[in-house]
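*Asks:* I would like to see how this sequence folds:
(2 chains, ligands or ions: 1)
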Amino acid sequence: MNYAFELDARKNWAKDVYAGYKSTKLRGPLRSAIRLHDSLAASLPTQAPIALITARDCDLTRHGAAEPQGQAITVSGRVVDEDGRAVSDSLVEIWQCNAAGRYAHEKDDHDAPLDPNFSGWGKCLTDSDGRYRFKTIKPGAYPWGNHENAWRPAHIHFSLFGNVYAQRLITQMYFPDDPLFPFDPIFNSVPDAAARQRMISQFSMDETIPGTSLGFTFDIVLRGRTATPTGM
Amino acid sequence: MNAKQNLPFEPTPSQTVGPFFHHALHWAKSEDRAPDVGELRVRGMIFDGDGVGIGDAMIEAMSASDGKLSRAYSHATGEFAFTVKRGAINAPLAYVTVFARGMLNHHFTFVVDRADHEALANIPHERRNTLVAKPIALNEFEWSIRMQGEAETAFIDYR
Ligand SMILES: [Fe+2]
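*Replies:* Below is the predicted model of the structure:
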């Protein structure tokens, strides 16, 4: 095994046990993952119940009786694999806290107001070119118990299935120039600075809709040159 | 030497699923149910490095037959269960992906029904038993996931 290769591959990936993020201590595997080629893992698409998806699922501002509080934004982008091929017709799920930094989740004990018009979850399929688009509100930053005065930078959680099992990814999308970046162990668990930049969305005037919403773009690259069958 | 260097696009890193995914991902969650004809159920526990059950994990299983997703959430004690269609005799019982708060990456693994299963061929001998489920009834199996320790589950990198 080429050790340099291993190091290179890992720099794009968060550390499993990372001192700054306390909960990783007992939950991150201590042994290296075993490299395998498996023809089913590399070729079988995971079949989620996508027939349940409706057109309004991608507009998180329309899930309540009225508009939610906060800055209306769109988040759009393209999902590709490492060869730049579009990941088409593929499930994207997102979840986030509201503008005040509070999740609509019973385990969130942050003392910030809930918004009755905002649940914070959405889903859609990528189109034939790998593109997706959500309308939502900009999430707030929120405190957490990891260390003294710990705050998460504003983020949207993304879950992607790709076209085959081995492309599965859950990540978080951040916003440009967040002053909390240097202090956040989850963001900094990714060793490589360039790789961390790939989790940050970009502001786009082209995607900004006059009088309505600010546009952010976030392109996502799934692993899988070898995990994708040739000819796909 | 390094084929990855020739790839035009670098992958987006993984980040933890965190503690607040339950409602958002619930629409695709599967109910814990007894296996139908041609199906199997796997139940077990997910443990952290202290041997304590992980109560906020998501365990996704994919059928080796039709690729159908079975999305399960662990209970407060760390128990989980999933039901999938059975695949070919030489295929795993299921392909499994593990997520939880405190896991910065997801972890791929798989589960088989016998120690001499051909899917274990490239798994080091001393780790094979971490992927073998115990039959407990007709089409019912018991299999636990251990994140650390002597019997740390063998996790897989499909790169
Ligand atoms: Fe979050």
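
*Asks:* so which strand or helix has residue B:153?
*Replies:* Element membership for residue B:153, per DSSP states H and E: none, as it lies in no helix or strand.

*Asks:* now do residue A:196
*Replies:* Going by DSSP H and E, residue A:196 is in helix A:193-197.

*Asks:* ok, and does the helix or strand bottoming out on mean pLDDT in chain B reach over to chain A?
*Replies:* Least confident helix or strand of chain B, by mean pLDDT, DSSP states H and E, is strand B:156-157 with a mean of 94. Yes - using Cβ under 8 Å from any Cβ of the partner chain, strand B:156-157 reaches chain A at B:156-157. For glycine as for every other residue, the C-beta is placed from the backbone atoms N, C-alpha and C.

*Asks:* List the contacts of that strand.
*Replies:* Identification of contacts with strand B:156-157 by Cβ atoms under 8 Å, 6 or more residues apart in numbering or on different chains yields A:32-36, A:38, A:41, B:108-110.

*Asks:* any idea of the pLDDT on residue B:8?
*Replies:* Residue B:8 is assigned 75 on the pLDDT scale.

*Asks:* Surely it is in a helix?
*Replies:* No - according to DSSP: H, G, I helix; E, B strand; the rest coil, residue B:8 belongs to no helix; its state is coil.

*Asks:* Excluding chain neighbours, give the residue nearest to it in space.
*Replies:* In this structure, residue B:8 finds its nearest non-sequential neighbour in residue A:84, 5.0 Å apart by Cβ to Cβ, 6 or more residues apart in numbering or on different chains.

*Asks:* just checking, residue A:67 touches residue A:61?
*Replies:* Yes - in terms of Cβ atoms under 8 Å, residue A:67 counts as a neighbour of residue A:61; the distance is 5.9 Å.

*Asks:* So for these two, which residue has more residues nearby?
*Replies:* Ranked by neighbour count (other Cβ atoms under 10 Å in any protein chain shown), residue A:67 and residue A:61 place residue A:61 first, with 20 against 13.

*Asks:* ok, residue B:154 to residue A:170 distance?
*Replies:* Noted for residue B:154: a distance of 21 Å to residue A:170, by Cβ to Cβ, to the nearest Å.

*Asks:* what's the answer for residue A:124, then?
*Replies:* On the measure of Cβ to Cβ, residue A:124 and residue A:170 end up 16 Å apart.

*Asks:* again with residue A:147
*Replies:* 23 Å.

*Asks:* Which other helices and strands does the top strand by length along chain A contact?
*Replies:* Under DSSP state E, the strand in chain A containing the largest number of residues is strand A:72-81. With contacts taken as 3 or more Cβ pairs under 8 Å, 6 or more residues apart in numbering or on different chains; DSSP states H and E, strand A:72-81 sits against strand A:131-137, strand A:202-209, strand A:213-217, strand A:220-222.
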